[in-house]
Every structure is written in C-alpha cells, then in structure tokens.
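Student: Pasting the sequence and the predicted coordinates here, then a few questions.
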Amino acid sequence: MNLGGKLTQNILPHPFLKWAGGKRQLIPQMAKYFPKNYNKYIEPFIGGGAIFFHLLPEISIISDNNPDLINCYKVIKEDVENLIKSLRKHTYEKNYYYKVRALDRDRNGFAQLSDVEKASRTIYLNKSGYNGLYRVNSKGFFNVPFGRHRNPKICDDVNLRRVSRALRNVEIYLGSFELCLNFAKQGDFVYLDPPYHPLSETALFTSYTKSNFDKTSQKKLFDVFKELDKKGCYIILNNSYSEFILDLYKDYRIVTLKAKRNINSISQKRGLIDEVLILN
Ligand SMILES: C[S@@+](CC[C@H](N)C(=O)[O-])C[C@H]1O[C@@H](n2cnc3c(N)ncnc32)[C@H](O)[C@@H]1O
C-alpha cells in the first residue's frame, strides 16, 4: 500500500527536539548517497536525530556526548508514559520558564531530580526557549532565554510514543564519538554529523556542550573516519565547506550541498551556504 508522502510523514516518528545543525532540510540532497544495504546503523553525534528518524534502521546504535540529550533518548525509550505525565504539568509562562531553567544552578538539587524529571525539563526548555536552542554557559548552566512562540506543543504525546517504539531495539550511549570504533564492523553504516568547523574565527559556534569541538577534535574525528574506512564501513560525514576540512579529507569523495542557515547570528539573516558531504 502506498500511503503517499504526507500521510507517511504523519504516522512516522520525527525528532522530538529542535537541535542546532539539524539535518532535516538536507535529507533530499543527501538521500541518494545513503547505502542501500548495510548491517548496523551507527550515529555517534545523534543530536535531534533527523537522519536516524528518516532511515529508521532495523539495528542501530546511537550516541552523543551531551548528557541531557542522551537522558531524553533513554527516558523516551524506557519510560515514555511517565515522561508524558511530567511534560503535561509544564506551562508556557516566562517566570515559570526561568524557575525551571534555574534548577541546574543548584547542583545538589538537580542531582535529586529523577531521570524522567530531567528529560521533561530538557524538552520543556527546548520547546519554550528562544529558537529551540540548546546552549550552556562555561559553568554548564542552561542559558537560553525565554522564547516567543505561539502556543508551543510542549507535550507531543503522539510523536513521543512513536519515538519510544522506534527506539525499542536501539542501543543508546553517552560518550564521545570515538566510542563508535568499539561497535563498528565491516558492512555497517556510520553517519557522522559533528559540530562544524567554523567558517571564520568569529563564527565559532561550538557551544552544544561545555567542551568546544576544535581543530584537534576534527583531526581526531578524521583518524576515526580512516579507521572506520579500514574496517570496511560505509561512512558519510557532514561538515562546513572550509579550507581546513577540504584539505583534511582531500583523499575522499567530497560532494557540495546547499544549506539554508542563519548566516548572521545578529540579524538572523538566512541564506544558502555551501556545506560538504564526505564519503569513503
Ligand atoms: C551537528 S549536531 C548533530 C545534529 C543532528 N545530526 C541532527 O540532525 O539534529 C552535533 C552533535 O554532536 C554532539 N557532540 C559534540 N561533541 C561531541 C563529541 N566529542 N562526541 C560526541 N558527540 C559530540 C553535540 O552534542 C551535538 O548533538
């Protein structure tokens, strides 16, 4: 039965968080490069998981080094009904938002929150905060201001249950990307979507977590890429169209993609910019 594009989209799970660098808009340009057949699917920078939710692979391992994010995936997988109950208690109101946001300022208090309460807080802040950003300051405190949304859907229970079902057989880990080397074997598909190398020093946008993803991290990732290539994995990696990245991966296949991005964070001006897709 052909359900047709729109209908199919409406019954499938989709990312439950808005995440900086989300790949949803690039899927039409990327899809033709995905391998048709592979064993496991491995995604070590899962973020909002746009590609994972697009592919819905049978066997997958996902990870990220953001503990709040990984906790959400685990809670949705294991305890989605209690998460839904908790999300229903939140209200979209400025003072309440700042109270919930401030919970991480008291480390001891935060530690006492259950995993469900932590996931509920992360999702609430993502739906109610400015532009759906996840950003922490140097102390690791969430610092996104209250957003201006018209009636945000804080608890999308239908999608959360779909996500929970999609995660049923998925292994989920908290950790740095090198972790994928422990699982990857010949014939696996490894999709790598790291924080991008900045186009200019001032455009440095690497505050997904406390630690910045600098040139040393990009080089370490390149070593992992080569290692995965040697193992016989299918690899696809996204990054910025920058001299540093083009030079690093010069021996591999590089395809240019056109992405709509905020090209100027102050004016929120959007434009089409080049990005790269690197394949082995
Ligand atoms: C560009 S985003 C991924 C976006 C994702 N593909 C999507 O569609 O939403 C990069 C992700 O890498 C994670 N990250 C940053 N440094 C990392 C590291 N050293 N190891 C693993 N994950 C890392 C961030 O937490 C973030 O979720």
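Tutor: Nice, I can see it.

Student: Tell me the buried residues in stretch 81-92?
Tutor: Asn82, Leu83, Ile84, Ser86, Leu87, His90, Tyr92 (16 or more other C-beta atoms under 10 Å). Glycine gets a C-beta too; all of them are placed from N, C-alpha and C.

Student: Pipe those residues into TSV and attach distance to the ligand and secondary structure per row.
Tutor: Converted to TSV, those look like this (distance: C-beta to the nearest ligand atom, whole Å; DSSP: H, G, I helix; E, B strand; the rest coil):
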residue	distance to the ligand	secondary structure
Asn82	24	helix
Leu83	20	helix
Ile84	22	helix
Ser86	23	helix
Leu87	20	helix
His90	23	coil
Tyr92	23	coil
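
Student: possible to save those as JSON lines with pLDDT?
Tutor: Converted to JSON lines, the buried residues of stretch 81-92 look like this (pLDDT from 0 to 100):
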{"residue": "Asn82", "pLDDT": "98"}
{"residue": "Leu83", "pLDDT": "98"}
{"residue": "Ile84", "pLDDT": "98"}
{"residue": "Ser86", "pLDDT": "98"}
{"residue": "Leu87", "pLDDT": "98"}
{"residue": "His90", "pLDDT": "97"}
{"residue": "Tyr92", "pLDDT": "96"}
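
Student: Of the residues you listed, which is the nearest to Glu227?
Tutor: Leu83 (36.4 Å; C-beta to C-beta).

Student: and that closest one, what does it touch?
Tutor: For Leu83, the contacting residues are Val75, Ile76, Val116, Ala119, Ser120, Ile123, Leu160, by C-beta atoms under 8 Å, 6 or more residues apart in numbering.

Student: Might you report the residue contacts of the fourth one?
Tutor: When contacts are counted by C-beta under 8 Å, 6+ apart, Ala119 is found next to Asn71, Cys72, Lys74, Val75, Ile76, Leu83, Ser86.

Student: now it, nearest residue through space, not along the chain?
Tutor: Val75 (3.9 Å; C-beta to C-beta, 6 or more residues apart in numbering).

Student: Mind giving me the PyMOL command for buried ones among the contacts of Leu83?
Tutor: Entered in PyMOL, the line below selects the buried ones among the contacts of Leu83, by 16+ other C-beta under 10 Å:
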select buried, resi 75+76+116+119+120+123+160
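
Student: hang on, the earlier thing: which one of the buried residues of stretch 81-92 is nearest to Phe213?
Tutor: Ranked by distance to Phe213 (C-beta to C-beta), the buried residues of stretch 81-92 are led by Leu83 at 29.0 Å.

Student: ok, back up a step: now the two most distant members of the contacts of Leu83.
Tutor: Val116 and Leu160 (12.1 Å).
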